[in-house]
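> compute the structure for the input listed below.
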Amino acid sequence: MPPVFETWDLAVKPLTARSRFYDLAPIGLGTAFVESLSGYIVRLAEAHAVSAGRLAATAVSDAAKPGEVDLAHATYTINGVGVSAKQWVHALETMTLRSDLCYLTLLPFQQLFPKPLLFRGLRAWCPACYELRASQGEPIYEPLLWCLRFVEVCPRHRRLLATTCPRCRRSQQPLSAVSRAGFCSRCGFWLGEARDRTVPPAAPPGEHQLWLADAMGELLANALEIQPERLREHARGALLAYANAYTEGNRATVTDKAGFRSNALDGWFNGYQDPRVDTLFRTLYGLRLPIACLLKGACPAPPSEGQARKSLEFQRTREVAPKRSREQIRAALEEALQEQPAPSLNEVARKLGYGTTTRIHAADRDLCRRIVLNHLRSGHSHWWRRRGAKPICELSHMKKVLEDYLASDRPVPPLDRIAASLGYAADGSLRTKFPELCGALAARIAEQNRARLAAIGPALEQALQETPPPTLRQVAMRVGFSASCVLKAHAPGLYEKLKTTRKAYEKSRLAELRNNLEAVSVENPPPSLKSVYARLGVTESIMNTSFPELRCEIGLRSRRYREEQTQARRDAVRAEIREIVRTLHAQGICPSLLRVMRLLKGGFLREWGVVGKAINDARRELVDRAEPTRELRGMAPSPRPFPAATPSVNKR
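Numbers count the residues shown, from 1 in each chain. Next up, the predicted model:
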């Protein structure tokens, strides 16, 4: 019987796509310490045993158009939301065949973060993180969190980030042709825990710095799950939800609580303006909102008691009443009728954020009466009269609090606020139990009010002598009032005089500023708008609102001047290249791109398109000059003597 051999499958297996670079996996995806794209470039270069500059040149020649990806001008902005980040991500994904490199940048958040004010201009790192990963044998890399301008602390080690090398004492560029992860790009020193003993330790980071680092880390950790097109809507929804939950929709109160001046967040509230990243995080920190609000678009629902307490706190701070319609109050009253156990009318008022029952009585007296009857029938009313009932606050504690206020030198708050701090809705219990102490405190409070009112006149007179004169609000705050209308009510003459003086001062300042801007508008060379703002001490908003025509004129002259300077530099480079090409040709040397670049003077334009086109034009001129001479001699036209100059590098 003949032997039976195994069968072979001779069908050709399909080949999967091959990448130009290694398929290097990013580190930390889905965590707060996700790798940055700039750090990924450095690690990818180390994996190929080449420099970062060589790797970038290969990416330029193979995956992108000349001039689109340029390591010489690359900074931390390649980790951001602009065109540079998109071009680098496209080039590297083309070369590695990966599809997740956009998560090494802030591109998933481009609907939320604007381009400016995102990244620092110098490299920053945490020495403890480098040392920890080196001791555990893990690869060294640079997290995206370290690249952000407003992140100054490492959230893992709770310490400030370093920005200078401990050996050479110099700062470093974010990305250079010789960058190495964990090592100084200037002297090659290890940037781990080695420190200079002569430098005193840095001060511990503040609470705000730690909160910023933790918040941004949480945001980066959720980059894979967010919906980019809804980020702006979520940010606005969180702010509106907070306003509705705590301030009855009073946006001015939210703005004040966040630490901004009035109307500073109106554009964000109304949805026609994008918040700056620093404004966004300052708002979340001031309102104590979690970063999860940006992902879910809603403020976390607080307990009713906590909501009422915070709402009352806001009202007493700004002296504003909750903004609820009669229909909303009636709906809340009807819901209270169905509650078990039946609440009292004061409890319903506190849940709605009111200190008294006046507003809910005005909305619907019949429903209020029914709520009172339900509470009386439930047997929970007048609980303090029952045997064994515990008081809200011990008498000894109440007496001690009143005596402390009376003995202290600090201003005494109104009696109803003291009662509220002890758990009472009104000050009737305090006055009943301690009439003498309450009478002494009331006299003290009345004396304080008289002293504050008596200080209005001298404060206004002193303000009139100051140069420059302060604003009316500043004077009001000096004497302990939050609004300037009190000054007008008690000292109308001085009020109007200070108001007129302040207006005249502001008018003179605007006239002086206009004269300075007109002088700047004819300066040569024309300065930039940024330098003008710094020199004159003004902001861009003042220029836009007060002097829009001068701002446009100064900006246009500066832009034209820069364009002329750029064109002049390009013309100089073209002339120099033309002379170098002629010299090399006369010496019988082929004027290649590398030979011409070696002979260029230092500081030349590093625009590949300009240099390559200038070399090709100079070569073409040599060819055009040689052709008429060959025709006069009866010779055939010569072939093209030079290959085209292209800004590419040899492939490995």
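
> this protein: strands as residue ranges?
Taking DSSP state E, the strands of the chain run over residues 153-154, 159-160.

> which of the ones you listed is buried the deepest?
Of all the strands of the chain, strand 153-154 has the most neighbours on average by mean count of other Cβ atoms under 10 Å, namely a mean of 24. Heads up, the C-betas are built off the backbone N, CA and C, glycines and all.

> picking up where we left off before, who wins for proximity to residue 288 among the strands of the chain?
Closest to residue 288 of those, according to Cβ to Cβ: strand 153-154, at 18.7 Å.

> Provide the strand pairings for that closest one, with the direction of each partner.
Strand pairing for strand 153-154, determined by DSSP bridges: strand 159-160 (antiparallel).

> what sits against the nearest residue to residue 517 once chain neighbours are set aside?
Nearest residue to residue 517 in three dimensions, chain neighbours excluded: residue 550, at 4.6 Å (Cβ to Cβ, 6 or more residues apart in numbering). Residues in contact with residue 550 (Cβ atoms under 8 Å, 6 or more residues apart in numbering) are 514, 517, 518, 521, 543.

> on that earlier part again, now tabulate the strands of the chain in CSV and tack on mean pLDDT and distance to residue 255.
Putting the strands of the chain into CSV (pLDDT from 0 to 100; distance: least, Cβ to Cβ, whole Å) gives the following:
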stretch, mean pLDDT, distance to residue 255
strand 153-154, 90, 27
strand 159-160, 88, 31
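
> does residue 269 really touch residue 239, like I thought?
Yes: using Cβ atoms under 8 Å, residue 269 is in contact with residue 239, at 6.4 Å.

> quick check on the two: which one has the bigger neighbour count.
residue 239 (25 against 16; other Cβ atoms under 10 Å).

> just to check, the more buried one is in contact with residue 283?
Yes: with contact defined as Cβ under 8 Å, residue 239 reaches residue 283; the gap is 7.2 Å.

> joint contacts of those two?
By the contact definition Cβ under 8 Å, 6+ apart, residue 239 and residue 283 are jointly contacted by residue 265.

> sorry, back to before: now the strands of the chain as JSON lines including distance to residue 434?
JSON lines is the format used below for the strands of the chain (distance: least, Cβ to Cβ, whole Å):
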{"stretch": "strand 153-154", "distance to residue 434": "50"}
{"stretch": "strand 159-160", "distance to residue 434": "52"}
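
> drop anything exposed from the contacts of residue 550.
517, 521, 543 (16 or more other Cβ atoms under 10 Å).

> want to throw these into JSON lines with distance to residue 41 and pLDDT?
Below are the buried ones among the contacts of residue 550 laid out as JSON lines (distance: Cβ to Cβ, whole Å; pLDDT from 0 to 100):
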{"residue": "517", "distance to residue 41": "44", "pLDDT": "89"}
{"residue": "521", "distance to residue 41": "44", "pLDDT": "88"}
{"residue": "543", "distance to residue 41": "39", "pLDDT": "84"}
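
> nearest to residue 342, of those residues?
Of all these, residue 342 sits closest to residue 543, with 61.9 Å by Cβ to Cβ.

> in contact with the closest one: list those residues for me.
Shown in contact with residue 543 (Cβ under 8 Å, 6+ apart): 529, 533, 550, 551.

> thinking the second one is in contact with residue 547, fair?
This means residue 533. No: the criterion here is Cβ under 8 Å, and residue 533 misses it with residue 547 at 11.8 Å.

> what about these two, which has more around it?
residue 547 (18 against 15).

> closest one to residue 148 out of the buried ones among the contacts of residue 550, please.
Checking the buried ones among the contacts of residue 550 against residue 148 with Cβ to Cβ, the nearest one is residue 543 at 28.4 Å.

> thought residue 155 was touching residue 214, still the case?
Yes: using Cβ under 8 Å, residue 214 is in contact with residue 155, at 5.1 Å.

> give me the more crowded residue out of these two.
Neighbour count, other Cβ under 10 Å: between residue 214 and residue 155, residue 155 has more, with 22 against 16.

> what does the model give the more buried one for pLDDT?
Looking at residue 155, its pLDDT is 89.

> just residue 127 next, same as before
Note for residue 127: predicted pLDDT of 91.

> any idea how far the closest residue to residue 494 other than its chain neighbours is from residue 447?
Leaving aside its sequence neighbours, residue 494 sits nearest to residue 460 (Cβ to Cβ, 6+ apart; 3.8 Å). For residue 460, the distance to residue 447 (Cβ to Cβ, to the nearest Å) stands at 21 Å.

> same thing with residue 31?
Distance from residue 31 to residue 447, by Cβ to Cβ: 60 Å.

> which of those two has more neighbours?
residue 31 (14 against 11).

> test my guess that that one contacts residue 221.
Yes: with contact defined as Cβ under 8 Å, residue 31 counts as touching residue 221 (5.4 Å).

> neighbours around residue 397, how many?
Residue 397: 11 surrounding residues under other Cβ under 10 Å.

> let me see the contact set for the closest residue to residue 330 other than its chain neighbours.
Once flanking residues are discounted, residue 330 sits nearest to residue 364: 5.1 Å by Cβ to Cβ, 6+ apart. By Cβ under 8 Å, 6+ apart, the contact set of residue 364 is 326, 329, 330, 333.
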